[in-house]
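K.L.:
Output the structure for:
(chains A and B)
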2 protein chains.
Amino acid sequence: MIFVPLLCVSAMAQNSDVTYSFTEASELNIIGKIHDNTPNPYHRVDTARYKGWNKIENIQVRCPAGLAVLFKTNSSTISVQTEYGWKSEFVNMTAISYKGYDLYIKRDGEWLYAASGVARPKKEDKNLVLISNLEEGYKECMLYLPIYCEVRSVKIGVEQGSDIQSLDSPFRHRIGIYGSSFTQGICASRAGMSYPMQLMRSTGLQFLTLGCGGNGKMQPHFAEILCDADVDAFVFDVFSNPTSDIIEERLFPFIEKIRSAHPDVPLIFQQTIYRERRSFDQKYMEKEKTKQELAARLMKEACKKYNNVYFIQTNATDALHSTSVDGSHPNDYGYTLWAESIEKPLLKILKKHGIK
Amino acid sequence: MIFVPLLCVSAMAQNSDVTYSFTEASELNIIGKIHDNTPNPYHRVDTARYKGWNKIENIQVRCPAGLAVLFKTNSSTISVQTEYGWKSEFVNMTAISYKGYDLYIKRDGEWLYAASGVARPKKEDKNLVLISNLEEGYKECMLYLPIYCEVRSVKIGVEQGSDIQSLDSPFRHRIGIYGSSFTQGICASRAGMSYPMQLMRSTGLQFLTLGCGGNGKMQPHFAEILCDADVDAFVFDVFSNPTSDIIEERLFPFIEKIRSAHPDVPLIFQQTIYRERRSFDQKYMEKEKTKQELAARLMKEACKKYNNVYFIQTNATDALHSTSVDGSHPNDYGYTLWAESIEKPLLKILKKHGIK
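P.N.:
Down below sits the predicted model:
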C-alpha cells in the first residue's frame, strides 16, 4: 500500500509543536444517550440488562451513534485520542464516519461544522489533531462520536495550559428515536450528518437515537429498552427493516408494550423511505411497495385504536432519485432531505404535547 | 472482524441461480477518456509517453475516474468482475467510490441511478452482481468505473443467452476538464456523483476528466497531455492545489502552452471552492483567501491578455457550510451544488463557441 498524504486528512492536521493535555470525554457532558447509566459511558445501552440479542444487535447498540460530547475550551487546537473496542470496515461508509470524529463549534448561536477526521489505521491510538489555529477566547464545542465502532475511551486534547470545561446542553427535552441503519446514520459521510443529528441542530430538541442497522424490527428486547427510557416522546423508523409478516405480527403489541410504560408520550411513526434500488429491480419494488402499503394501512388503524399515536411521511430522495450511496442508504443530501421532510410535521405534533 | 451481512451491499445482490457470460468492457464503448489510445484501455493517460511524474500523479492518472462504459443489454441481471492493478484505502471515501462500480440506466430519455457496489475485500476478484430482476427488453446502461484504483480488466456479466452490445454515446462534443481531487471526484460517495459526471448527465455534453488529487498544479507534463488532447473546450480547476507562488509562476505559461496547441478552444477557469476548514482555522482561512484573491486578480488580467479565456465562480457549499466530508472535499450534496453553480455560465460560454 502506497502512502497518499493528501487523503489522510487527519494526519494533515498533526502539529508537533503543541503539547496536549487530555480529558476523558465522560468527565464532560455526553448528550444523546437513551439510557444514562451504562457501565461504559460510550455505550447507548447496557446490553447485560437485556436478553434476546443477536450478535450484531448487541454490537450495534454499544456503538456511540448519535452521541456527542459538549465542552468549552480556550485552546487554539483540539485533538482526540481513542481506544477502540469492537470495530470493522464497511464498504458503503467512510472511515471518518464509522470510526472517526466530527466537530462542530458554535458561532452566532448556530452550530457550524468545524472539522472531521480519523486517525490513520496503523496509528489509530495516536493523537488525532482535528483543528488548529482557533481564534482566542472560549469556544463552545460539540464533538460527535463514531457511528459504527465501539469506543472504550475518548480523550479530548487541548493545548497544555489552556482550559477545558463541561458545557451545559442547550438541547431541550428527551425524544427517543428508534429504528434501522437509517436512524443509526449508516452512509452519512460523518456522524453529524445522520438525520436525527441534523434535526437536533435545526430544532434545538434532543434526540436520543437507538438506530440499529438491519435490526430495527420492534423486537421485544428493544421494546423493553424503550420502556425503561426516560423520554418526552418517541419517533420510530420501524418499517425499514422488518418484513411485512413481522410488521403485521409485532406492530400492535409493540405499541401496547410501550404504552404500558409510557401512558401519555406521543408515539410518532415514520413511513420508510423509497430505496433507489426499487427503480429497476422489479421484485424489490414490489416487496417494498407492498410493505409501505401495509405500514400505511396498519398505522391508519393504530392511529384510531390508540391515543397519541401518529404516522408521518419521510422523503430522502429528490426528484432525480440520485441521493443513494448503495441503492438503500441515503447520502448526506438524502439525509438532509429526510430531516427537512419530517421537521414540520414532527414539530407540530410535539407542540401539541407541550414539547417545543 | 465480524461479518455484517447488512452492509456488504454488493453481496446482497449475489444470485447463485444465474449463469453469467462476460464481455470485456473495452470491447464495448468507453467514454470520458481525454486520450483515446492508451495501452491499458482503462487508463486515462499513457504515462510512458510523458516525463516529469511524481509517483502519486503517475498512479492517479491511471485510475479510471470519469470513465464510463456504455452498453445495451436485454439481460435481467448485470454484474461486474474486476482485476485490479494499484489500489489503496482512503479514510474519507467509501470503497464503493474508490474501487467500486456505479450503474445508471436510461428511462424516459434520462439517466437514472440503478445500482452501485463493490466486491467484498477478500472476494474482490469474484462476480459482483449489481442488479437483478430488470424488466424485459433492452436497457441502455452506463457503468461508471472506480474513482481511485487502477483497473486491469472489467468484465461485464449478463445472463447466459442474453445479448450485450456496445451503445453509441449520446454525449456531445469533447470538453477536457483538468484539475484537483475535486475534479477527480474524491469524497463523492460513488463515481457518478463527481461534479463533472453530474454535469455530463445534466447537459448531455461529454467531459473528459483529468482530475489528479493534490496535483492539479499546471505542471508542464500535464500541460503537454492537454496539448495532445483532441477537445472542443477546456475547463480548469487549477487554483485548488497549487500555492499562491506556483499559481503566479505557472498560470500564464500554462495558458500560452495550451494556446500554442489549441489556438481557438475556449479555456474556462474555475475559481476554487470555499473549503469548510476555513471557518475556524484562521491560518488556513488567510491562506485560502489570499490564494482566491490572487487567482481572481490574475484571471482578470488573463481574460484581457488572451483570447477566449474565461473565469467562472464555483459554489460547493450551502448557506450552513455543512456539505464537507473532511473540511476540504465536498460530499455528494456539495458536488451537486458545484455542478449546478457552473452549469449556466459554462453553457453560455460554450454556446458562444458553437458548442451546445
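
K.L.:
Is residue A:317 in contact with residue A:328, as I believe?
P.N.:
No: assessed by CB atoms under 8 Å, residue A:317 is found out of contact with residue A:328, at 11.7 Å. Any C-beta I mention is one placed from the backbone N, CA and C, and that applies to glycine too.

K.L.:
what sits in contact with each of the two?
P.N.:
Taking CB atoms under 8 Å, 6 or more residues apart in numbering or on different chains as the criterion, residue A:317 and residue A:328 both touch residue A:276.

K.L.:
Give me the longest helix you can find in chain A.
P.N.:
Longest helix in chain A, counting residues (DSSP state H): helix A:282-305.

K.L.:
which is the next helix or strand following that helix?
P.N.:
The first helix or strand that comes after helix A:282-305 along the chain, using DSSP states H and E, is strand A:309-312.

K.L.:
May I have that next one as PDB, with CA atoms only?
P.N.:
Extracted C-alpha coordinates of strand A:309-312, given in PDB (Å, rounded to 0.1, in the frame of the first residue of the first chain):
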ATOM      1  CA  VAL A 309     -50.100   7.600  18.000                       C
ATOM      2  CA  TYR A 310     -49.100   9.400  14.800                       C
ATOM      3  CA  PHE A 311     -47.900   8.500  11.300                       C
ATOM      4  CA  ILE A 312     -45.700  10.800   9.200                       C
END
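
K.L.:
Just give me how far the helix or strand following that strand sits from the chain centre.
P.N.:
The helix or strand immediately downstream of strand A:309-312 is helix A:332-352, counting by DSSP H and E. Its chain's C-alpha centre and that of helix A:332-352 lie 15 Å apart, by CA atoms, centre = their mean, to the nearest Å.

K.L.:
Return the list of helices and strands in contact with helix A:332-352.
P.N.:
Contact analysis of helix A:332-352 by 3 or more CB pairs under 8 Å, 6 or more residues apart in numbering or on different chains; DSSP states H and E lists helix A:195-203, strand A:233-237, strand A:267-270, strand A:309-312, helix B:332-352 as its packing neighbours.

K.L.:
now what about the longest helix of chain A, what contacts it?
P.N.:
A:239, A:243-244, A:247-248, A:251-252, A:255, A:269, A:271-272, A:274-275, A:277-279, A:309-311, B:132-135.

K.L.:
Among the residues you listed, the buried ones, what's the ChimeraX command?
P.N.:
The following ChimeraX line selects those of these that are buried, judged by 16 or more other CB atoms under 10 Å in any protein chain shown:
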select /A:239,244,247,251,255,269,271,272,274,275,277,278,279,309,310,311 /B:132,133,134
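
K.L.:
in the longest helix of chain A, what's buried?
P.N.:
A:284-285, A:288, A:291-292, A:294-295, A:298-299, A:302.

K.L.:
just stretch A:316-335 next, same as before
P.N.:
Applying 16+ other CB under 10 Å to stretch A:316-335 flags A:316-317, A:321-335 as buried.

K.L.:
Close to chain B: what parts of the stretch 151-300 of chain A are there?
P.N.:
Selection of the stretch 151-300 of chain A residues close to chain B by CB under 8 Å from any CB of the partner chain yields A:181, A:186-187, A:189-190, A:193, A:213-214, A:276-277, A:279-284.

K.L.:
Which of these sits closest to residue B:92?
P.N.:
residue A:189 (8.0 Å; CB to CB).

K.L.:
unless I'm mixing things up, that closest one is touching residue B:331, no?
P.N.:
Yes: with contact defined as CB under 8 Å, residue A:189 counts as touching residue B:331 (4.7 Å).
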